[in-house]
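Colleague: The following block contains a protein sequence and its predicted model.
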Amino acid sequence: MNLSLRFVLRYLRAPEKGSFSSYTSKLSIIGLSIGVSALMLTASIIRGFENTLSDKLSGFDGMIRVQHMLGHSITSNISVLDSMLGQFPLSIEYKPYIRKGAMIRVGNKAEGILVEGIDHLPTGLEYNMHKSAISSGKIILGKSLGSVMDVELGDRIIISDLETMMQPGSSQRISSVEIGGFFHSGMLEYDKTIAFVSLSQARTIFNMESQITGYIINSDESLKDIMDYFVENLSYPYYPESWQDRHRILFEWISIQRWPALIIFGMIALVGIVNILATLAMIVIEKSGQVGMLIAQGMHRRTIRKIFLLQSSAIGIIGGIIGTCVAGLFIFLQHRYHIITIPEDIYFMDHIPVHADPGMFLLILSGTLIVCLLASLWPTKAVMDILPADVLRYE
């Protein structure tokens, strides 16, 4: 075994009974592992929130929606859009949809909602149906809306076109539909305000025989590539809106919160690194007699300094590995058992989401090791100033 490494292992174990350096080394490892695990967990939770919201919103709204710039209905067989979507250079899936405001009524209870007409329910929803296809004459409500309206599967509700209700003198369009199921997205904003019907049923409710609100675009291709093509080739009055554009404020808020949180929890790791600096200073003082004897026997000062630098690296590696294992264990338990729960009506999810990113973990470990090495340069510099005659005089 390399001589320097043997000294490092000896100083870490510190077989001398009551050795102060042995306690400070262990405390430094514990402190560093707490800081590393806190930093990793913070980054994992932030990434988990972002990924969970991205999956839910992109699944619910679709990747991109093409619609009229002024919110008007468009003709479903318009040649400009059909030719562009049919000859799209990337692999996409597009389907028409209708979204209009409506009033639903059951007994003396009434709620204003958005009715969306599509042939299949969006992905990422939990629903009590055997298939995602929506039958004509049925309506799929959010569980929260169903609870507010106090309705059950099979009940019939009345839908009124909100546009005709707001126009004096126009004949009000009223339809009766049966509740065919309930969905749950975990986002109260959607569960209480949106209901789904088939596209043909939406045409009947809103008297839109040959018109639609727009197209929902989904694809496995890059969102940026598809948006760039639409921006370059889609002309007024039509425009594309991605799910990121629709919820830009929410993701800007997450982005703003990311760095302050990482900096705050990174300070915990920095405290652990400061402990390493203090530990090395104590070890150099405590082991000055041994250092003096090694110098007197001909060992080069640079080699002795290398021993303490290796010890700092060992503390950083051990503390980093322990912190990673603690963070990984928490992530596994939280992902599997949802130990820590949160109010779903506020955070769009009922538990704290976590996402383990190996690249991010490796970056934190590498950064920790580098900072440990840099922090150890100052206390180990004292080795270069030790005079064997002075330290051995009292041995």
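Modeller: Now that the structure is in, tell me what you want to look at.

Colleague: what about V274, which helix or strand?
Modeller: Element membership for V274, per DSSP states H and E: helix 248-286.

Colleague: so after that helix, what's the next helix or strand?
Modeller: Sequence-wise, the next helix or strand downstream of helix 248-286 (DSSP H and E) is helix 288-296.

Colleague: Show me what the helix or strand following that next one is packed up against.
Modeller: Next in sequence after helix 288-296, counting helices and strands by DSSP H and E, comes helix 301-337. Identification of packing neighbours for helix 301-337 by 3 or more Cβ pairs under 8 Å, 6 or more residues apart in numbering; DSSP states H and E yields helix 3-13, helix 20-61, helix 248-286, helix 288-296, helix 358-380. Any C-beta I mention is one placed from the backbone N, CA and C, and that applies to glycine too.

Colleague: and these, which is most packed in?
Modeller: Neighbour counts (mean count of other Cβ atoms under 10 Å) averaged over each of the helices and strands packed on helix 301-337 peak at helix 20-61, with a mean of 20.

Colleague: Report the angle between that one and helix 301-337.
Modeller: Calculated by axes from the mean of the first three to the mean of the last three Cα atoms, to 10 degrees, helix 20-61 forms an angle of 40 degrees with helix 301-337.

Colleague: for helix 20-61, packing partners?
Modeller: Under the contact definition 3+ Cβ pairs under 8 Å, 6+ apart, helix 20-61 sits against helix 3-13, helix 243-246, helix 248-286, helix 301-337, helix 358-380.

Colleague: So for the last one, mean pLDDT?
Modeller: Mean pLDDT, taken over the full extent of helix 358-380, equals 87.

Colleague: So which other helices or strands are in contact with that helix?
Modeller: helix 20-61, helix 248-286, helix 301-337.

Colleague: Does V151 belong to a helix, a strand or coil?
Modeller: When classified by DSSP: H, G, I helix; E, B strand; the rest coil, V151 comes out as coil.

Colleague: For E241, which of the helices and strands packed on helix 358-380 is the nearest?
Modeller: Nearest to E241, of all these, is helix 20-61, at 8.9 Å by Cβ to Cβ.

Colleague: Can you lay out the helices and strands packed on helix 301-337 as TSV showing distance to M165?
Modeller: Below are the helices and strands packed on helix 301-337 laid out as TSV (distance: least, Cβ to Cβ, whole Å):
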stretch	distance to M165
helix 3-13	77
helix 20-61	26
helix 248-286	30
helix 288-296	89
helix 358-380	52
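
Colleague: re earlier: can you state the direction angle for the helix holding V274 and helix 288-296?
Modeller: Here the directions of helix 248-286 and helix 288-296 differ by 70 degrees (the same axes, to 10 degrees).

Colleague: Look up how far Q290 lies from K100.
Modeller: According to Cβ to Cβ, to the nearest Å, K100 stands 83 Å off from Q290.

Colleague: on that earlier part again, which of the helices and strands packed on helix 301-337 sits closest to S219?
Modeller: Ranking these by proximity to S219 (Cβ to Cβ) places helix 20-61 first, at 10.9 Å.

Colleague: Can you name the element that comes right after the closest one?
Modeller: Using DSSP H and E, the first helix or strand after helix 20-61 is strand 64-68.
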